[in-house]
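A.B. asks: Could you work out the structure for the sequence below:
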Amino acid sequence: MDLFQQDQLSNLDIEIDSEAKNSLDNAAYWGKFISILVMSFVAIILLVLAVANTAFMNGFKQSMGRRFAGVDEFGSGFLLIAFFIIFILLGLIYYFLYNFSVKVKNCYSSGKYRSA
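C.D. replies: Residues are numbered from 1 along each chain as shown. Modelled structure (predicted):
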C-alpha cells in the first residue's frame, strides 16, 4: 500500500518554490516539536490518571459512605475510561501531525521534489 501511494505522488510532478519549501520546512519542524511535546504530555497524564483513579475512588467512597454503594460497580472506572478515550484520541491526532512532519523531512532528504 505504501508503494502504491508513493507511485501516485511521484506521478504528480509537484514543483515548489523556495518560499513554499521554507514554509513547509518550518511547519514540519514545529509540527514535530509540538507533536512530541503533546504525546509525552498525554503519556504522563495517562499514567497519572491510572494511579490517581484508585486514590480518588477510595476517598470518594469514604466521604460518601454507604449511600452511594453502586459507585463501585459503575462509577469507579467511568471517569477514568472517559479520560483515557479523550487523551488517546488527542494522542492519535498529534501522531498524525508527527507523521506529516517526518514525511515532509523525508521528501526533502530524498530529493523527490523539483524547485521552481
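A.B. asks: elements contacting the lengthiest helix in the chain?
C.D. replies: Determined from DSSP state H, the single longest helix within the chain is helix 18-64. Applying 3 or more Cβ pairs under 8 Å, 6 or more residues apart in numbering; DSSP states H and E, one finds that helix 18-64 contacts helix 75-110. C-beta coordinates here come from the backbone N, C-alpha and C atoms, glycine included.
A.B. asks: where does the protein dip in pLDDT?
C.D. replies: In the predicted model of the chain, residues 1-14, 57, 60-77, 111-116 satisfy pLDDT under 70.
A.B. asks: same thing but at 50, please
C.D. replies: Low-confidence segments of the chain, defined by pLDDT under 50: 1, 7.
A.B. asks: sorry, back to before: by how many degrees do the longest helix of the chain and helix 75-110 diverge?
C.D. replies: Comparing the axes of helix 18-64 and helix 75-110 via axes from the mean of the first three to the mean of the last three Cα atoms, to 10 degrees yields an angle of 170 degrees.
A.B. asks: shift numbering so it begins at 36
C.D. replies: Okay, residue one is now 36; in that scheme the one you just asked about reads as helix 53-99.
A.B. asks: With L72 as the reference, measure out to L127.
C.D. replies: The spacing between L127 and L72, counted by Cβ to Cβ, to the nearest Å, is 16 Å.
A.B. asks: separation between the nearest residue to V73 once chain neighbours are set aside and S75?
C.D. replies: Computed as Cβ to Cβ, 6 or more residues apart in numbering, the closest residue to V73 that is not its neighbour in sequence is Y129, at 4.4 Å. Between Y129 and S75 the computed distance is 10 Å (Cβ to Cβ).
A.B. asks: higher neighbour count, these two?
C.D. replies: Legend: neighbour count by other Cβ atoms under 10 Å for Y129 and S75, higher for Y129 (18 against 11).
A.B. asks: Report the contact partners of that one.
C.D. replies: I69, S70, V73, M74, V77 (Cβ atoms under 8 Å, 6 or more residues apart in numbering).
A.B. asks: which among the residues you listed end up buried?
C.D. replies: Buried subset of the contacts of Y129 (neighbour count, 16 or more other Cβ atoms under 10 Å): S70, V73, M74, V77.
A.B. asks: Appreciated, that's everything.
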